[in-house]
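# the following comprises the amino acid sequence and a computationally predicted model.
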Amino acid sequence: MPVYFNDAADDILLYDRQASFIGGQVSNFRENLLNESQAELIKDMSPEISGVLKTRRGFHRFADLLGSTSSSDDMRAIHFFDSDSRERVIVAVARNIYEIESNGTVTAISAAANALPSAVNPAYMCQIADKMYWSSDSSSSKIFELKYSGSSWVKTVSTDTVYPANAKYLVANAGRVFAYDPSGNQIFVSTILPNLAAAVTIDNGAGYGTGDYTTAGMAVDALPIGLGNGQTITFSGGGSLLLSAAAEETDTTIYGTLSGSAVADDEAAAVGTTLFSMGGATINPFKVGTGAETVTGMYSWVGFNVVVFCENSIYLVDTNPLTAASAAAGNATSTFQIRQVSNLSGAISHRAVAQVGEDLIFLARDGVRSLKRTMAEEMVAEQSGVISYPIQDLIDSINWSVAVQKATATFWNGYFLLSVPVLSSTENNCVLAYSANTNSWVGYWQGNPAYNIEPVDFCIAAFSSYAEKLLTLDKVGNPMEFRDYVSPQNAVATDFQDNFDGSNYRDTAWQTLTRGMTFGDQLSPKSPDFVEWEFDRSNAKVDIIPVLDGDDAERLVTDLETGVGAVTLTVDPTTYSPTAPVLPFTLSDSKVRRFRYSLTQYDPFRELQFRIRQSAGDTGNSKYVSLRSIHAGAFMDTMEADQ
């Protein structure tokens, strides 16, 4: 029966288009309701702010951390350590900690050999000034400090008597360490600019012989920490002092009995110090809410604010520090202002939080959320805090039982990147990418099906005299660098491929599926006429497949060469030099190229999509696609074909 009546001699030719890709992937809605800048699927590609859809840059091995080992179950943490005297990428693997130089040279930190428990749980680190503090949530070991002395790393273990037994979620804020104690469900706070490498130094020209100094006392330099009654300290020459009275920080006299051997002027005794006490008094830990809900993560936010995430709530803690005198009394946390900002949602994982400008974006049970929007919705009873509705189908595919421990996120170069396990995977095997510049999801990054990228943790390396770069610690066993720091004019084909082992480059199997084009009418059938593709300085070979009413049709074109074609260098073997320049890959066009194809061979449809993917025949060095737009035409049918 007629669906659309037209008494003209010919049916009307209508037009539709994928005008750009700036709207990113919107896969949780009907494809025929998307606007001209949105696509149903974007895999391993990245829409730019101009709307041009480009192949993402690759991840390449940054360092041979594990040598020939191709995989590890104990990749635990990666951080960038930056001080006046040392710049290193610091990686925790199994029980050990390694440092990596800007050129990829790996050195084990011998002072931290077997410092972490033998478990696959994450390790946590934060840096304050020139010191690192480490912990793991699977051991009763105390938090320890790593500091570079100028010639070697020095490890010092905290001697806290009241301490987090298996500290989690170390964060630094305003020069202090915050650590979560799961056994007591409370948060410990260190002194300001803590330093566990302390010493008691004799300050008496004649020194002291062995004997009783419980009354007269011994003169020392001002104490860097408080000492306790009954504590024993051993001087470098072997003398051992049993204290008979407590001493406070800055005291210059100590009391006790010296045995073993005499001590000389300026002789020192190394003293184990505490993170969570000052002047001999323990700094009171604090709890959020009723203290009954499990804390799932912490984040140091703007100013003195620490955001504490629980399973189903969020608290904002203003940690503006008290005076030293008040802190010394153990009440440094008594005036912290704790405000609940959500009682509906919380972060699922400590690492699945990243700061984006003055906002925090995090993974919650109901999707990816904005902290600012979540705080606002609590006031107006909305659900505006969730920003992942466009890709809720991907969110629903997350393996939540694994994500609570392993999901991790970062913010880099305008993108919030969230690494999660999807489907039945027990490792992070999918990176969801959100553009803060366009407020859209640019799709997901996964790589070749046989060689998925699997980030366990992220860090941003900022070596002096080098461009900043994003590094990931990957389950393949080595740190990987994201090649987007290479300028476009210097990029070669391999910069758009992944390289896990240092030698083999893997195609990322990129593809996209456009919006559903309805040509202004969702009801009437149309007979396809033509399609025109615009590529902007592209060079890859692609396959194009029309999708009619949700079903893939016969391939429209195979091995379409989107660039100018191969450029061949003819080399005279008699004059060849190893240093002679060789073109690295097929040169791309310096202008927009358009390709027009007839679609009259295809059956009528109500909605039309196109799937574009890298050609299986693209075995050369042409890997870079840059798709600007797609324009199509179809005739509105006045009669619907018999079914």
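Structure's in. What do you need?
# any idea of the mean pLDDT for stretch 399-416?
The average pLDDT within stretch 399-416 is 94.
# so which bits of it are buried?
For stretch 399-416, burial by neighbour count (16 or more other Cβ atoms under 10 Å) applies to 399, 402-404, 406-412, 415-416. For glycine as for every other residue, the C-beta is placed from the backbone atoms N, C-alpha and C.
# so which of these belong to helices?
Of the buried residues of stretch 399-416, the ones assigned to helices by DSSP state H are 402-404, 406.
# so, low pLDDT: which residues of the stretch 101-250 of the chain?
119, 137-140, 162-163 (pLDDT under 70).
# closest to residue 226 out of the ones in helices among the buried residues of stretch 399-416?
Among those, residue 404 lies closest to residue 226 (Cβ to Cβ), at 39.2 Å.
# could you pull up the residues touching the closest residue in space to residue 142 that isn't next to it in sequence?
Leaving aside its sequence neighbours, residue 142 sits nearest to residue 158 (Cβ to Cβ, 6 or more residues apart in numbering; 4.6 Å). Residue 158 is in contact with 142-145, 196, 272-276, counting by Cβ atoms under 8 Å, 6 or more residues apart in numbering.
# tally of neighbours for residue 260?
Residues within reach of residue 260, counting by other Cβ atoms under 10 Å, total 13.
# renumber starting at 6 from here on
New numbering, starting at 6: the last item is residue 265.
# my guess is it meets residue 247, correct?
No - using Cβ atoms under 8 Å, residue 265 makes no contact with residue 247, being 10.5 Å away.
# that older thread, okay if I get the buried residues of stretch 404-421 as JSON lines plus distance to residue 504?
Output for these, formatted as JSON lines (distance: Cβ to Cβ, whole Å):
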{"residue": "404", "distance to residue 504": "27"}
{"residue": "407", "distance to residue 504": "26"}
{"residue": "408", "distance to residue 504": "27"}
{"residue": "409", "distance to residue 504": "31"}
{"residue": "411", "distance to residue 504": "23"}
{"residue": "412", "distance to residue 504": "25"}
{"residue": "413", "distance to residue 504": "21"}
{"residue": "414", "distance to residue 504": "24"}
{"residue": "415", "distance to residue 504": "20"}
{"residue": "416", "distance to residue 504": "24"}
{"residue": "417", "distance to residue 504": "19"}
{"residue": "420", "distance to residue 504": "21"}
{"residue": "421", "distance to residue 504": "25"}
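# partner strands of the helix or strand hosting residue 130 and their direction?
In the assignment (DSSP states H and E), residue 130 maps to strand 128-133. Looking at strand 128-133 with DSSP bridges, its partner strands are strand 136-141 (antiparallel).
# helix/strand/coil for residue 381?
Using DSSP: H, G, I helix; E, B strand; the rest coil, the structure places residue 381 in helix.
# tell me the contacts of the nearest residue to residue 638 once chain neighbours are set aside?
Nearest in space to residue 638, with sequence neighbours left out and distances taken as Cβ to Cβ, 6+ apart, is residue 534 at 4.4 Å. Residues near residue 534 by Cβ under 8 Å, 6+ apart: 18, 603-605, 637-640.
# ok, residue 596 next?
Taking Cβ under 8 Å, 6+ apart, one finds residue 542 in contact with residue 596.
# how close does it get to residue 493?
In this view, residue 596 and residue 493 are 15 Å apart by Cβ to Cβ, to the nearest Å.
# what of residue 70?
From residue 70 to residue 493 the distance is 29 Å (Cβ to Cβ).
# compare those two and say which is more crowded by neighbours.
Between residue 70 and residue 493, counted using other Cβ under 10 Å, residue 70 has the larger neighbour count: 22 against 11.
# so that one makes contact with residue 102?
No - with contact defined as Cβ under 8 Å, residue 70 does not reach residue 102; the gap is 11.4 Å.
# find residues that contact each of these two.
Residues touching both residue 70 and residue 102 by Cβ under 8 Å, 6+ apart: residue 96.
# could I get the average pLDDT for stretch 31-43?
95.
# which residues touch residue 463?
Applying Cβ under 8 Å, 6+ apart, the residues contacting residue 463 are 83, 413-415, 417, 422, 424, 475-478.
# mind putting those into JSON lines with distance to residue 616?
Output for the contacts of residue 463, formatted as JSON lines (distance: Cβ to Cβ, whole Å):
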{"residue": "83", "distance to residue 616": "36"}
{"residue": "413", "distance to residue 616": "31"}
{"residue": "414", "distance to residue 616": "29"}
{"residue": "415", "distance to residue 616": "30"}
{"residue": "417", "distance to residue 616": "29"}
{"residue": "422", "distance to residue 616": "25"}
{"residue": "424", "distance to residue 616": "26"}
{"residue": "475", "distance to residue 616": "29"}
{"residue": "476", "distance to residue 616": "33"}
{"residue": "477", "distance to residue 616": "29"}
{"residue": "478", "distance to residue 616": "34"}
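# tell me where the stretch 256-405 of the chain has helices.
With DSSP state H, counting those that start in this stretch as the criterion, the stretch 256-405 of the chain has helices at 329-333, 376-385, 397-401, 405-411.
# list the buried residues of stretch 600-611.
Quick answer for stretch 600-611 (16+ other Cβ under 10 Å): 602, 604, 607, 609-611.
# and residue 353, what pLDDT?
So, for residue 353, pLDDT stands at 94.
# quick one: contacts for it?
Applying Cβ under 8 Å, 6+ apart to residue 353 gives the contacts 301, 367-370, 405, 408-409, 412.
# JSON lines for those residues, including distance to residue 455?
As requested, the contacts of residue 353 are exported to JSON lines (distance: Cβ to Cβ, whole Å):
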{"residue": "301", "distance to residue 455": "34"}
{"residue": "367", "distance to residue 455": "31"}
{"residue": "368", "distance to residue 455": "27"}
{"residue": "369", "distance to residue 455": "32"}
{"residue": "370", "distance to residue 455": "32"}
{"residue": "405", "distance to residue 455": "26"}
{"residue": "408", "distance to residue 455": "23"}
{"residue": "409", "distance to residue 455": "28"}
{"residue": "412", "distance to residue 455": "23"}
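# spatially, which two of the residues you listed are the most separated?
Top of the distance list for the contacts of residue 353 (Cβ to Cβ): 367 and 405, 14.6 Å.
# so which bits of stretch 389-396 are buried?
390-393, 395-396.
# which residues are contacting that stretch?
Here stretch 389-396 has contacts from 29-34, 347, 350, 366, 369, 371-376, 378-382, 400, 437, 439, 444-446, 449, using Cβ under 8 Å, 6+ apart.
# same thing but at 7 Å, please
30-33, 371-375, 378-379, 381-382, 400, 437, 446 (Cβ atoms under 7 Å, 6 or more residues apart in numbering).
# and which of these is nearest residue 514?
Closest to residue 514, out of all of the contacts of stretch 389-396 and judged by Cβ to Cβ, is residue 30, at 15.9 Å.
# how many neighbours does that closest one have?
As a burial measure, residue 30 scores 28 neighbours (other Cβ under 10 Å).
# pull the contacting residues for it.
Shown in contact with residue 30 (Cβ under 7 Å, 6+ apart): 44, 46-47, 395-396, 446-448.
# would a markdown table of those with distance to residue 457 and secondary structure be doable?
Listed next are the contacts of residue 30 as a markdown table, based on distance: Cβ to Cβ, whole Å; DSSP: H, G, I helix; E, B strand; the rest coil:
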| residue | distance to residue 457 | secondary structure |
| --- | --- | --- |
| 44 | 22 | strand |
| 46 | 17 | strand |
| 47 | 17 | strand |
| 395 | 23 | helix |
| 396 | 18 | helix |
| 446 | 19 | strand |
| 447 | 18 | strand |
| 448 | 15 | strand |
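# ends of stretch 492-506, how far apart?
Stretch 492-506 has an end-to-end distance of 23 Å (Cα to Cα, to the nearest Å).
# actually stretch 556-567, not the one I wrote
End to end - Cα to Cα - stretch 556-567 spans 25 Å.
# check which residues of it are buried.
Residues of stretch 556-567 classed as buried by neighbour count (16+ other Cβ under 10 Å): 558, 561, 565-567.
# and the two most separated of those?
Pairwise across the buried residues of stretch 556-567, and taking Cβ to Cβ, the largest span is found between 558 and 566, at 22.0 Å.
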